[in-house]
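**Student:** following is a predicted model, sequence given first.
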Amino acid sequence: MRTIVVDCGAVQSEADFWSAYVRTAEPEGAGYFGRNLDAFWDGLNGSPGWPGECELQFTNTSKLQAFRDGQFFEALCEIASQSSFVKVTLE
């Protein structure tokens, strides 16, 4: 199984995060991917944004904890814990 590493070190906004994901993972249906948390969940389950069978690692995620007073990062962690088709880790 392939591993996709998305480096979030240069991410300054949620838009930057989604751009880094799309640029690095090159998911199926990227043009239709909604670039939000709901779309990410859907993508991990086969909708546009599907990265394929892989392990998805987000590194240097400390800056993400500031987005929406921590709610964005918490939601990502929740999605990661519930993802059954794609292993998602946040480091």
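**Tutor:** Here it is on my side, so go on. Numbers count the residues shown, from 1 in each chain.
**Student:** what ranges does the chain have for its strands?
**Tutor:** Applying DSSP state E to the chain gives strands spanning 2-7, 54-59, 87-90.
**Student:** which helices and strands sit right next to the second one?
**Tutor:** Counting by 3 or more C-beta pairs under 8 Å, 6 or more residues apart in numbering; DSSP states H and E, the packing neighbours recorded for strand 54-59 are strand 2-7, strand 87-90. All C-beta spots, glycine's among them, are computed from the backbone N, C-alpha and C.
**Student:** any idea of the mean pLDDT in the shortest one?
**Tutor:** Which is strand 87-90. When pLDDT is averaged over strand 87-90, the result is 98.
**Student:** list the contacts for the closest residue to A30 other than its chain neighbours?
**Tutor:** Leaving out its chain neighbours, the residue that sits closest to A30 by C-beta to C-beta, 6 or more residues apart in numbering is V22, at 5.2 Å. Each residue near V22 by C-beta atoms under 8 Å, 6 or more residues apart in numbering is listed here: 30, 33, 35.
**Student:** nearest residue to the middle of the chain?
**Tutor:** In the chain, the centroid-proximal residue (C-alpha atoms, centre = their mean) is Y21; its distance is 5.7 Å.
**Student:** so what's it up against?
**Tutor:** Contacts for Y21 (C-beta under 8 Å, 6+ apart) come out as 6, 27, 40.
**Student:** ok so, going back, roughly how far apart are the residue nearest to A30 and E14?
**Tutor:** Relative to E14, V22 is positioned 13 Å away (C-beta to C-beta, to the nearest Å).
**Student:** next one: S62
**Tutor:** S62 is 15 Å from E14, by C-beta to C-beta.
**Student:** next: N36.
**Tutor:** N36 is 8 Å from E14, by C-beta to C-beta.
**Student:** just the helices in this structure please.
**Tutor:** 14-25, 37-44, 71-82 (DSSP state H).
**Student:** how about JSON lines for the ones you listed, with mean pLDDT and distance to E53 added?
**Tutor:** As requested, those are exported to JSON lines (pLDDT from 0 to 100; distance: least, C-beta to C-beta, whole Å):
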{"stretch": "helix 14-25", "mean pLDDT": "98", "distance to E53": "12"}
{"stretch": "helix 37-44", "mean pLDDT": "98", "distance to E53": "11"}
{"stretch": "helix 71-82", "mean pLDDT": "98", "distance to E53": "16"}
